[in-house]
Structures are given as structure tokens and as C-alpha cells.
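Visitor: Build me a model from this:
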Amino acid sequence: AKIVEVQALREGINAEAICEYQKKILFVPNMLKDEQAKVEIVQENDKYAYGRVLTITKASNLRISPKCPYYYNCGVCTIGHTTIENEATIKNEILKEAFHKYAFPLKRLEPINQSLNEYHYRNKVVLPIRFIDNKNYFGLLKPRTNHFHQIDTCIIQDETINETLSIIIKALDDFHINGLNIKQNEGIVSFVVVRCAYFTRQTQVTFILVKDCDLAPIVNRLKAQCKSLVSISKVINTKTDSKMLFNESETLVYGEPYITEILDNYNFRLFPSSFFQLNTPVALNIYNKIVQIVQPLKAKIAIDAYSGVGTIGIFLAKVVDKIYSIDSEQANFLANKKNLLINDIKNIKLINKDFLLGYKEVKQEAIDLIVLDPPRTGLGLEVATLLLESKIPYLIYLSCNPATLAKDLKILNKFYELTNISTFNMFPHTPHIETLCLLKRVNSFTK
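Guide: You can find the predicted model right below:
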């Protein structure tokens with residue numbers, strides 16, 4: 001193995017240290033800016049190299065000991081080795097760097113809006129189940145490998161989720177319903193999905209199975225020991241990766257097909273496959289911020305694009321006369337439909353189509369505003385080009401990926417000026433940051 005001593009020049013987009021090694025960029029997790037360390041080179045090519053810290057030889061005064069016992073093996077949290085205040089600085093620097101690289105320099109960026117909870121904030125988890133040495137474990141795949149790392153708890157998951165997972169793992173062992181044994185190509189349970197509503201405390205469990213089995217013993221155990229349990233479902237899926245877990249085989253096993261969350265005075269039905277922001281108090285802060293931004297615009301007609309279960313549209317219904325809610329996912333469409341009904345919202349029309357197709361249905365209307373909350377892949381060239389051609393006065397863009405946000409805004413910058421930008425620490429101790437932008441249409445505006 002190659003062992004070198006390097007200094008961290010800055011933090012990269014995943015909060016790893018950027019170092020220099022033989023005129024290559026060397027990425028090293030768990031280092032802070034200006035720190036020095038002995039590093040083992042674990043992978044390299046002609047342009048880049050990846051390393052792991054062996055010893056910190058010069059530590060930053062902002063370094064702390066991570067609270068998580070799995071921190072150096074898990075890979076989900078990558079900024080747990082510094083203070084939450086420095087984490088906020090790093091995340092804003094990540095955003096600035098993305099804009100500098102892909103779009104244009106940000107003139108001014110306010111301090112990040114911190115999460116109400118530094119730990120136990122995550123309201124949903126999707127974890128693989130493995131059967132190893134005659135015992136079931138849940139865990140995660142170690143970064144840059146396929147190595148399964150077993151864990152017993154997680155400090156960023158809701159504590160009710162941790163308790164529910166412990167009940168499930170013991171029940172799987174007791175009733176001999178096993179997770180996957182990859183080497184032997186055996187097992188039944190590939191993943192468990194657990195969601196706990198932050199305000200109502202209702203809990204939902206979904207078992208992803210490679211083949212059907214009788215879950216009655218586990219259901220009875222959960223009913224007896226998990227007092228917040230409202231819903232249990234199962235999905236038969238022979239694919240053992242986590243990209244597309246849900247399909248039409250989803251079946252209710254116990255209770256209601258959904259759980260209910262309450263934000264302000266609004267009720268939201270959440271089905272197993274429904275998209276819902278993972279840090280509920282931060283999401284609520286963002287939705288109220290969007291209302292605060294939109295209200296002075298006096299928008300008459302708006303589009304809620306990539307609308308999910310309808311949270312943003314429902315919050316905006318009190319300040320916009322008419323809203324078109326567009327989402328391609330059937331599960332989101334059905335949940336949104338129920339949410340409009342239970343909240344008695346009558347000024348939102350649902351369109352269950354891809355955004356490009358849905359927009360064609362309404363483009364003849366005098367649309368004042370589009371709210372965009374796309375997946376991590378961003379808008380892409382086709383959607384960004386359509387928006388340039390639309391001449392809509394205002395866009396609001398909520399992003400969880402600084403790189404794709406910056407790339408999209410570089411395109412939109414031809415006719416849209418970035419007039420407001422706010423950042424939110426949706427996922428403390430991870431490199432992820434949520435960014436909210438207001439864009440105003442101008443005749444010609446390329447920086």
C-alpha cells in the first residue's frame with residue numbers, strides 16, 4: 001500500500017478533504033481543511049486518487065470525536081468529526097464552490113438555517129437485512145464497496161425507528177424468517193422500510209421480500225411491542241438493490257394503508273412509497289419560507305412541479321388563486337388526491353404526468369409562478385430550456401444537490417435573475433444541503 005503525508009487544501013462537494021498527490025487530486029474522507037495526515041492510497045487513476053486517513057498528524061481545533069460508534073465504517077454521515085457550526089460553514093462553502101464551478105459566483109449567502117434536531121431527525125429509513133453466521137442484521141453498504149456493515153442503532157434516525165428495527169430483527173431470528181445470505185443466494189427479507197411521523201408519532205413498516213412468506217408472527221410481535229404502529233405492508237421484489245423497491249405487488253398486511261402526519265393545521269396521508277421530506281421540522285420551515293416568498297408576488301396561477309404528496313401546493317393554496325400540481329408517480333398522485341380531500345383544498349388541480357407532458361396541458365394559462373422540487377438529478381436541459389421559453393415571471397427552485405442546481409441555474413440565468421437564496425441543514429452530519437432559490441424573469445440577464 002502507498003502511504004503518503006498530505007495537507008487538506010479544502011473540503012469537496014461530499015465534505016471529503018481535497019488534497020494534492022503526485023499532481024493529482026486526492027479525495028480523503030474524515031479530514032478538515034488545513035489538517036495534515038498520513039493517508040493510505042486505496043484507489044487511483046490518471047486524474048484522481050482516493051485515500052483513507054491512518055493518522056492525523058496536525059489536527060484542526062474544529063475537530064471533535066464523532067458520537068456514532070460506526071462513523072468510520074458506515075459512510076452515511078461524513079461531517080460528524082467537526083462542530084455543527086463548522087459543518088454549516090462547510091456546507092455553504094460546498095454550495096459556493098458548486099456555483100463557482102458550474103454557474104456563476106454567489107454574491108452573498110446568508111448563514112444556513114440549522115436543523116431543530118442535530119440527532120434523531122430522520123423520519124424514514126430503508127435498510128438491507130442480511131443473514132450472517134445464523135443471525136439477522138440490518139446495516140449499510142460501506143462507501144465505495146459492496147461490503148455490508150452491520151449496525152444496531154443509528155444516531156440520526158428517529159428513536160422510535162431504532163426501537164422498531166430492534167423488535168423486527170429479534171422477531172426475524174425468533175421466527176426463522178431470514179434476511180439475505182448473499183454468498184448462499186438464500187433468504188427472504190431483502191430490505192425493511194420504517195417511517196415514523198414526527199408530530200403524530202405514527203409508525204409504518206414495509207417488508208421487501210424476494211419471495212412471499214407468512215409474516216403473521218412478526219406482525220403480532222410488532223402489534224404487541226410497538227405502540228405507535230399503524231401500518232404494515234409487504235412488497236415482493238426479486239431485485240436485491242435499493243433503487244426500485246416498490247412495485248404493484250405492494251400489499252397491506254395490518255392496519256391502515258397509510259400513516260398521517262400533521263404540519264401546521266394540514267393533514268398528510270403517507271403511503272409506503274410516498275415521497276416526504278426526511279427532516280420534518282426543517283421541511284416545515286422551508287414550506288413556510290416558500291409561502292413568505294410567494295405572498296408578496298400576488299401570483300394568481302401557479303404550478304407545483306414534482307409535487308410529491310402535495311405539501312408545497314397545499315401550503316400555497318391560501319396565497320395563490322389556482323394551482324396545478326404535477327407529478328408522474330402514481331403513488332404520489334393518489335396520496336395528493338387524498339390530502340386535498342381531507343384538507344378541504346379546492347383550488348388545486350392534479351395532473352399525473354411527467355412535468356414536460358403536464359405543462360403542455362396548462363401552458364396556455366397565464367401562469368405567474370412555478371415551484372420546482374426535482375430529484376437529485378435536477379431539471380436537466382430539456383426542462384430548463386422549456387422554462388426559458390415559457391416567459392413565466394417567477395420560478396422557485398428547491399434543490400438537494402448543489403451541483404445540479406448550479407448547472408440548471410447556469411442555463412436559466414439567460415433570462416432569470418437569482419434574487420433570493422436560502423440554505424437549510426436538512427441532514428446534519430451528512431454532506432447534503434437543501435437550497436431554496438427565487439428566480440425572477442428579466443429580458444436578458446446572463447452574468
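Visitor: what about the residue nearest to Ile218 when sequence neighbours are not counted, is that helix, strand or coil?
Guide: What sits nearest to Ile218 in space, not counting adjacent residues and going by C-beta to C-beta, 6 or more residues apart in numbering, is Ala171, at 4.5 Å. For every residue, glycine as well, the C-beta is placed using N, CA and C. Secondary structure assignment for Ala171 (DSSP: H, G, I helix; E, B strand; the rest coil): helix.
Visitor: Could you do the one 5 residues further on as well?
Guide: Remark: His176 carries the secondary structure label coil [criterion: three-state DSSP].
Visitor: Around it, how many other residues sit close by?
Guide: Other residues near His176 number 9, with proximity taken as other C-beta atoms under 10 Å.
Visitor: Grab the longest helix from this protein for me.
Guide: The residue-count maximum for a helix in the chain (DSSP state H) belongs to helix 84-102.
Visitor: which residues are contacting that one?
Guide: Outside helix 84-102, the residues that touch it by C-beta atoms under 8 Å, 6 or more residues apart in numbering are 10-13, 15, 32, 62, 79, 82, 105-106, 109, 111-112, 114, 118, 402-403, 405-407, 409-410, 423, 425, 428-429, 431, 433, 435.
Visitor: which outside residues touch stretch 195-203?
Guide: Against stretch 195-203 from outside (C-beta under 8 Å, 6+ apart): 123-124, 158, 160-161, 164, 194, 204, 226, 228-231, 259-263, 270, 272, 276, 280-281.
Visitor: Inside strands: which ones of these?
Guide: If you go by DSSP state E, the contacts of stretch 195-203 have 124, 194, 204, 229-231, 259-263, 270 in strands.
Visitor: Export those as a markdown table, with columns for pLDDT.
Guide: Output for the ones in strands among the contacts of stretch 195-203, formatted as a markdown table (pLDDT from 0 to 100):
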| residue | pLDDT |
| --- | --- |
| Lys124 | 98 |
| Val194 | 98 |
| Gln204 | 98 |
| Leu229 | 98 |
| Val230 | 98 |
| Ser231 | 98 |
| Ile259 | 97 |
| Thr260 | 97 |
| Glu261 | 98 |
| Ile262 | 98 |
| Leu263 | 98 |
| Leu270 | 96 |
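Visitor: and which of the residues you listed is nearest Lys135?
Guide: Val194 (19.7 Å; C-beta to C-beta).
Visitor: so how far is Asn401 from the closest one?
Guide: 25 Å (C-beta to C-beta, to the nearest Å).
Visitor: Buried residues of stretch 412-424, list them for me.
Guide: Of the residues in stretch 412-424, those with enough neighbours to count as buried (16 or more other C-beta atoms under 10 Å) are 412-413, 415-416, 418, 421-424.
Visitor: how about the longest strand along the chain: buried residues?
Guide: Secondary structure of the chain per DSSP E: the longest strand is strand 48-58. Across strand 48-58, burial judged by 16+ other C-beta under 10 Å covers 49-53, 56.
Visitor: now for that strand, which elements pack on it?
Guide: With contacts taken as 3 or more C-beta pairs under 8 Å, 6 or more residues apart in numbering; DSSP states H and E, strand 48-58 sits against strand 2-7, strand 17-21, strand 24-28, strand 36-44.
Visitor: strands paired with that strand, and their directions?
Guide: With DSSP bridges as the test, strand 48-58 is paired with strand 24-28 (parallel), strand 36-44 (antiparallel).
Visitor: quick one: average pLDDT of whichever helix or strand comes after that strand?
Guide: Per DSSP states H and E, the first helix or strand lying C-terminal to strand 48-58 is helix 71-74. Taken as a whole, helix 71-74 carries a mean pLDDT of 87.
Visitor: which one of Val194 and Asn401 has more residues nearby?
Guide: Counted by other C-beta under 10 Å, Val194 and Asn401 do not tie: Val194 has more neighbours, with 24 against 20.
Visitor: And the more buried one, how close does it get to Leu372?
Guide: Separation of Val194 from Leu372 (C-beta to C-beta) stands at 29 Å.
Visitor: next one: Gly187
Guide: Separation of Gly187 from Leu372 (C-beta to C-beta): 41 Å.
Visitor: Compare these two (neighbour count), which wins?
Guide: Taking other C-beta under 10 Å, Gly187 and Leu372 do not tie; Leu372 has more neighbours (23 against 20).
Visitor: these two touch, right, the more buried one and Ala305?
Guide: Yes. Between Leu372 and Ala305 there is a contact under C-beta atoms under 8 Å: 5.0 Å.
Visitor: picking that back up, whichever of the contacts of stretch 195-203 end up buried, select them in PyMOL.
Guide: One line in PyMOL is enough to select the buried members of these, burial here meaning 16+ other C-beta under 10 Å:
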select buried, resi 123+124+158+160+161+164+194+204+226+229+230+231+259+260+261+263+270+272+276+280+281
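Visitor: Name the residues of the longest helix of the chain that come out as buried.
Guide: For helix 84-102, burial by neighbour count (16+ other C-beta under 10 Å) applies to 86-95, 97-99, 102.
Visitor: In these, find the pair that's most separated.
Guide: Asn86 and Tyr102 (24.4 Å).
Visitor: Give me the buried stretch members for the least confident helix or strand in the chain by mean pLDDT, please.
Guide: When each helix and strand of the chain is scored by mean pLDDT, DSSP states H and E, helix 71-74 comes last, with a mean of 87. Of the residues in helix 71-74, 71, 74 count as buried by neighbour count, 16+ other C-beta under 10 Å.
Visitor: who's in contact with Ile16?
Guide: One correction, residue 16 is Glu, not Ile. Glu16 neighbours (C-beta under 8 Å, 6+ apart): 27-31, 78.
Visitor: If you rank the residues you listed by neighbours, which is first?
Guide: Met31 leads the contacts of Glu16 on contacts (other C-beta under 10 Å) with 28 neighbours.
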